[in-house]
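> this is the structure alone, sequence omitted:
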């Protein structure tokens, strides 16, 4: 089976906060830092759905930027990751 690498963001869900979550997210960040070998700042979304335009609120339990979710598992607004 041929694997195709996606070059765009999309909704990402994995095992969540299971017993291996801490190690899994740490390993992902470590791999990225080794590859880039430079200071990086990754930001999540500044506010959730309807946070800026309350009149247009649409309930959505997942609203984090996919790269932030992949690297940290954090699904909150106003999150910033500094590495290394």
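The structure has been received and is ready for your questions. Keep in mind the model is a prediction, meaning the values are calculated, not measured.
> and the pLDDT for the closest residue to residue 25 other than its chain neighbours?
Closest residue to residue 25 apart from its sequence neighbours, by C-beta to C-beta, 6 or more residues apart in numbering: residue 73 at 5.0 Å. Placement of C-beta: from N, CA and C, glycine included. On pLDDT, residue 73 comes in at 81.
> quick check: residue 73 touching residue 28?
No: checked against C-beta atoms under 8 Å, the pair residue 73 and residue 28 is beyond contact range at 9.3 Å.
> those two: which is more packed in?
Higher neighbour count among residue 73 and residue 28: residue 73, with 19 against 15, using other C-beta atoms under 10 Å.
> quick one, phi psi at the more buried one?
phi 80, psi 10 (degrees, to the nearest 10).
> any idea how far it is from residue 38?
Applying C-beta to C-beta, to the nearest Å, the value for residue 73 to residue 38 is 23 Å.
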